[in-house]
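S.K.: here is the input, now give the coordinates:
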Amino acid sequence: MQRRQPTGAALPPGRIRVARVYDDLRGEDAARVLVDRVWPRGVKRADLALYAWARPLAPSTELRRWYGHRLERWTEFRRRYLDELAQPDGTDALADLQALAADQPVVLLTATRDVDHSQAAVLAEVVQGGAAETGRPAGVRPSSH
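M.R.: Purely as a prediction, here's the structure:
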């Protein structure tokens, strides 16, 4: 995982936000972390100036395909995604992201059009203190089925 130091100015330390990989982020002083499993179409790696590409934080291919960004599936997608994050690979990567966010501002990047209903939004919520609607604390644990 290639890492770069952010340059510029914007978010205060401990802040995390989500953005599309296609948004203009010039001048933003934040560590940029791509949280998609596949590389976004039409984007050159150098253009993103990524701190990291956190593939282990992306939803599984199966979950991503099932969801298909259908809003009627959002609640169930969110629940299943939180369960995936509770698996060993997810918890390790999530701990790394939480440590990074505690140290400096972070922008979670995704190619999806609806960032409010994406894995990036769920990750931002978890890192900032837990998933309030599920009653889960910061640090994810599996839900009961």
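
S.K.: the helices in the protein, which residues?
M.R.: 45-48, 61-67, 74-85, 88-103, 119-127 (DSSP state H).

S.K.: pick the most buried one from the ones you listed.
M.R.: Stretch with highest mean neighbour count among the helices of the chain: helix 119-127 (a mean of 23; mean count of other C-beta atoms under 10 Å). Placement of C-beta: from N, CA and C, glycine included.

S.K.: list the contacts of that helix.
M.R.: Residues from elsewhere that reach helix 119-127 (C-beta atoms under 8 Å, 6 or more residues apart in numbering): 16-18, 35-36, 57-59, 78, 81-82, 85, 94, 97-98, 101, 106, 108-110, 112, 115, 131-132, 138, 140.

S.K.: hang on, the earlier thing: okay, the helices of the chain in a markdown table with mean pLDDT next?
M.R.: Conversion of the helices of the chain to a markdown table gives the following (pLDDT from 0 to 100):
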| stretch | mean pLDDT |
| --- | --- |
| helix 45-48 | 86 |
| helix 61-67 | 96 |
| helix 74-85 | 96 |
| helix 88-103 | 89 |
| helix 119-127 | 94 |
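
S.K.: and the residue nearest the centre of the protein?
M.R.: Central residue of the chain (C-alpha atoms, centre = their mean): Ala120, 3.4 Å from the mean position.

S.K.: could you count how many residues lie near Pro56?
M.R.: Residues lying near Pro56 (other C-beta atoms under 10 Å) number 20.

S.K.: now for it: which residues touch it?
M.R.: Contacts of Pro56 (C-beta under 8 Å, 6+ apart): Asp89, Gly90, Asp92, Ala93.

S.K.: recalculate using a threshold of 7 Å.
M.R.: Residues in contact with Pro56 (C-beta atoms under 7 Å, 6 or more residues apart in numbering) are Asp89, Gly90, Ala93.

S.K.: distance-wise, check Val122 relative to Gln87.
M.R.: According to C-beta to C-beta, to the nearest Å, Val122 stands 15 Å off from Gln87.

S.K.: for Arg65, same thing?
M.R.: From Arg65 to Gln87 the distance is 18 Å (C-beta to C-beta).

S.K.: re the thing from before, can you put the helices of the chain in JSON lines and add distance to Ala30?
M.R.: Shown next, in JSON lines, are these (distance: least, C-beta to C-beta, whole Å):
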{"stretch": "helix 45-48", "distance to Ala30": "12"}
{"stretch": "helix 61-67", "distance to Ala30": "25"}
{"stretch": "helix 74-85", "distance to Ala30": "22"}
{"stretch": "helix 88-103", "distance to Ala30": "10"}
{"stretch": "helix 119-127", "distance to Ala30": "12"}
